[in-house]
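> Sequence first, then the predicted structure:
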Amino acid sequence: MGFPDDVCVEGQKIQDLPEGVNTGLYIGYVWNKVWRLCSQTRSATAGVINNVIDAPTSSYVKPLPAMLLENQNGTFVEVTQTMGIHFEAPTTSVVAADFNNDGWQDLLYMPYGNMAEIHKPIVYLNHQGEVFKQMADHGIVITDLGATGSGVDVIDYDKDGDLDIVTANERGRWRLFENHSDSRNANHFIGVTVNDAPSGTATKLGAKATVSACGNVWERRVGDTSSAYAVAFNNDLLFGLGTCEKIDKITVEWTNGETVELLTETVDKYVATKG
Ligand SMILES: [Ca+2]
Ligand SMILES: [Ca+2]
Ligand SMILES: [Ca+2]
């Protein structure tokens, strides 16, 4: 018996172990309040040990900072610092969406997190394209022990005109967070549900809706703004309008060049192309 020294060789990776050893998670009491731990598992393993008096320090690789690159006439220029984005944490996904319907795209980063702690996504609100400011009290908290963040995406699941958030976690539950931003502002919206092209020769995928209202023009495309761990092709395109209360024009253009105009002036509703 005793501790399995053939498995628990310091610095040895699981794939380099000899054939036939019994990999797994081992915990053993050595003596005088000293315990020994060894984990040789193929997937990440999490657990909580209470009443720890002292433990060796862990070493971490310094995470790379998030970067925001602005497209300036086809050339990408880094604007991370000047736009107010500053955090250093491993992240797995980011989604760009207008969470408060003020007409400006905000950002939500999903951190990898720490398996032993609850973790919170990082939300930056876009202040009129001049600077991003972190939102502290967004209420998105993932409490699953052992979970790490993976994907995030947005959907207005209750069709009330604000974007709700779906989070995916490794070893944790997927969660849906309902957006209650309407309790904080009186911003308006218009939703455009894009169906397949009327001619039947183009699907909704990649179609673009353009809304003109109160001197502004917004565009949304049926597709995804996020990438890692998430693929969504939501054909409900939501536009935050800020204080604007009258639509001038809505057009939808499919990938085959087909275009229709949707006739409506009033806000705070969804309109749809025929299909
Ligand atoms: Ca916004
Ligand atoms: Ca909603
Ligand atoms: Ca809501």
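Received, thanks. Ligands and ions are numbered 1, 2, ... in the order given.
> And the chain, what are its domain boundaries?
The record's domain parsing of the chain by the TED database lists 1-45, 69-177, 188-272.
> Look up phi and psi at the closest residue to residue 102 other than its chain neighbours.
Closest residue to residue 102 apart from its sequence neighbours, by Cβ to Cβ, 6 or more residues apart in numbering: residue 242 at 4.9 Å. The way it works is simple: take the backbone N, C-alpha and C, and place the C-beta from them, glycine included. Dihedral angles of residue 242 (phi, psi; degrees, to the nearest 10) stand at phi 60, psi -130.
> Check the spacing between residue 242 and residue 184 real quick.
14 Å (Cβ to Cβ, to the nearest Å).
> Of these two, which one has the most company?
Neighbour count, other Cβ atoms under 10 Å: between residue 242 and residue 184, residue 242 has more, with 20 against 9.
> so who does the residue nearest to residue 102 touch?
Counting by Cβ atoms under 8 Å, 6 or more residues apart in numbering, residue 242 makes contact with 101-103, 187-188, 214.
> how does it look with 7 Å?
Under the criterion of Cβ atoms under 7 Å, 6 or more residues apart in numbering, the neighbours of residue 242 are 102-103, 187.
> Residue 129: neighbour count?
10.
> Residue 16 now?
Around residue 16 there are 8 other residues, counting by other Cβ under 10 Å.
> before we move on, what about residue 120?
Neighbours of residue 120 (other Cβ under 10 Å): 16.
> Go ahead and confirm it touches residue 137.
No. Counting by Cβ atoms under 7 Å, residue 120 does not reach residue 137; the two are 10.3 Å apart.
> How about the residues of the stretch 1-150 of the chain by ligand 2?
On the criterion Cβ under 5 Å from the ion, ligand 2 has no neighbours in the stretch 1-150 of the chain.
> hang on, the earlier thing: out of the domains of the chain, which gets the lowest mean score?
Among the domains of the chain, domain 1-45 has the lowest mean pLDDT, at a mean of 84.
> The most centrally placed residue in the chain bridge partners, please.
The chain has residue 152 as the residue nearest its centroid, 3.1 Å off, counting by Cα atoms, centre = their mean. Applying DSSP bridges to residue 152 gives these bridge partners: residue 167.
> Verify the stated contact: it with residue 110.
Yes. If you go by Cβ under 7 Å, residue 152 and residue 110 touch, sitting 4.4 Å apart.
> Need the residues that contact stretch 138-149.
Applying Cβ under 7 Å, 6+ apart, the external contacts of stretch 138-149 come out as 46, 48, 92, 110-113, 115, 118-121, 123, 165, 167, 169-173, 175, 177.
> Show me the residues you listed that map onto strands.
92, 110-111, 123, 165, 167, 169-170, 175, 177 (DSSP state E).
> Which two among those are spaced furthest apart?
123 and 170 (20.9 Å; Cβ to Cβ).
> which ones are touching residue 106?
97-100, 123-126.
> bridging residues for it?
Where residue 106 sits in a bridge, its partners, by DSSP bridges, are residue 97.
> What parts of the chain come near ligand 3?
160, 162, 179.
> 6 Å - rerun?
With the criterion set to Cβ under 6 Å from the ion, the chain comes near ligand 3 through 160, 162, 178-180, 182.
> Quick one: buried ones out of these?
162, 179 (16 or more other Cβ atoms under 10 Å).
> ok, which of the residues of the chain next to ligand 3 also contact ligand 2?
160, 162, 179.
> Next, count neighbours for residue 109.
Residue 109, neighbours per other Cβ under 10 Å, totals 19.
> re earlier: among the contacts of stretch 138-149, name the buried ones.
92, 110-113, 115, 119-121, 123, 165, 167, 169-170, 172, 175, 177.
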